[in-house]
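Engineer: Prediction below, plus the sequence it came from.
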Amino acid sequence: MRTSVRITLALGLALTVAFGGAVVLQAQKARTTELSALFRDDPGDKIHSDLGGLYYTVRDPDRVYASVVQLNTDGRLNLEIRRHRKVLLEFDSPVRTAPRNAAGQLTCHDYNGDVVFYDDPPSFLAGVPEYSSVYFTTFGEIRYNGTGWVYDPSTMFDFRAMPVDANAGALVRLQINFYTVADPRAGYGVMPNYQLWSADAPLAGGVVRVSHPTADSWVVEPQDPNDPSGPLRSLGANQAGFKIAVPEERRVHPGGNCDLGDWLMPFQITLYKR
């Protein structure tokens, strides 16, 4: 008679050791939390909904996800809108215009920051882009250690581990990325309150405040510049950096990030457990 021992591993796998037989890895079902997302849609908001109501995970008959709204197994937010619905981003209130050369091209740097090159700006730079998909993804928590801000990229911020408190919040790294219909190869990045970051190591994203006012809801929004627990230097009113990551063009430029300036981008998203 064969005897087996089942051991659950941290990576979500079950290791079944069959005495006298092979070792078998069996996948465990990932523990995700399905959410609904509701945008505030105030008149001054620059990131808002398409007025179609709540966003939630939708899988089309062709088995492709039209949208994903959930907390991943590590507790971070994953909000993706790919089909049928839109999240609208309005670029009409610049704080710092995109730097350009004499020909009107954007100033860009390769991914190492060593090479400067120039590229044409997107046509929507004062308006609403026609995009094909948009992604909101959180990463680790940002903490103030008494002298500066500290970010540990190895540990994701777990929304589920937050204490329920309407008045408390955490600063969390967020990336907002989208791709346009006109140029699906180039990725755009919106970085809320990125000027908060004053450490030497690059943050490669923005900063948002996450709060957990009730057991079944979370609120994600830019850090309020008047928050007493806020940054060492002023954030301005919901300022967000904006960049485009362009692919390499052989014999033209090596590819990299182009600065698209800073913009007022207020928004608020409330997440509800489904």
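Structural biologist: Received the coordinates, thanks.

Engineer: going forward, measure contacts between C-alpha atoms and count neighbours the same way
Structural biologist: OK.

Engineer: max-length strand in the protein?
Structural biologist: When the chain is parsed with DSSP state E, its longest strand is strand 165-180.

Engineer: by contact count, what packs against it?
Structural biologist: strand 131-144, strand 187-192, strand 206-214 (3 or more CA pairs under 8 Å, 6 or more residues apart in numbering; DSSP states H and E).

Engineer: Which among these is found nearest to V246?
Structural biologist: Closest approach to V246 among those is made by strand 187-192 (6.9 Å; CA to CA).

Engineer: Nearest residue to R82 in space, please, no chain neighbours.
Structural biologist: Leaving aside its chain neighbours, R82 sits nearest to S133 (4.5 Å; criterion: CA to CA, 6 or more residues apart in numbering).

Engineer: Show me what the one you found is bridged to.
Structural biologist: With DSSP bridges as the criterion, S133 is bridged to Y179.

Engineer: distance of the residue nearest the centre of the chain from A240?
Structural biologist: Taking CA atoms, centre = their mean, the centroid of the chain lies closest to Q175, which sits 2.6 Å from it. Relative to A240, Q175 is positioned 11 Å away (CA to CA, to the nearest Å).

Engineer: which residues are common contacts for those two?
Structural biologist: Residues within reach of Q175 and of A240 at once, by CA atoms under 8 Å, 6 or more residues apart in numbering, are 190-191, 206.

Engineer: could you dump those to a markdown table with pLDDT?
Structural biologist: Below are those laid out as a markdown table (pLDDT from 0 to 100):
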| residue | pLDDT |
| --- | --- |
| V190 | 93 |
| M191 | 91 |
| G206 | 88 |
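
Engineer: Between those residues, identify the one with the most neighbours.
Structural biologist: M191 (26 neighbours; other CA atoms under 10 Å).

Engineer: Name all residues that make contact with it.
Structural biologist: 174-176, 205-207, 240-242.

Engineer: ok, those vs L71, which is closest?
Structural biologist: Nearest member of these to L71, counting by CA to CA, is L174, at 13.7 Å.

Engineer: what's the neighbour count on the closest one?
Structural biologist: With other CA under 10 Å as criterion, L174 counts 28.

Engineer: And for A168?
Structural biologist: 14.

Engineer: neighbours around the closest residue to it other than its chain neighbours, how many?
Structural biologist: For A168, ignoring the flanking residues on the chain, the nearest one in space by CA to CA, 6+ apart is S211 at 6.2 Å. S211 has 23 neighbouring residues, counting by other CA under 10 Å.

Engineer: Write down the beta-bridge partners of S211, one by one.
Structural biologist: Bridge pairing for S211 - DSSP bridges - gives G169, V219.

Engineer: From M265, how far off is it?
Structural biologist: 19 Å.
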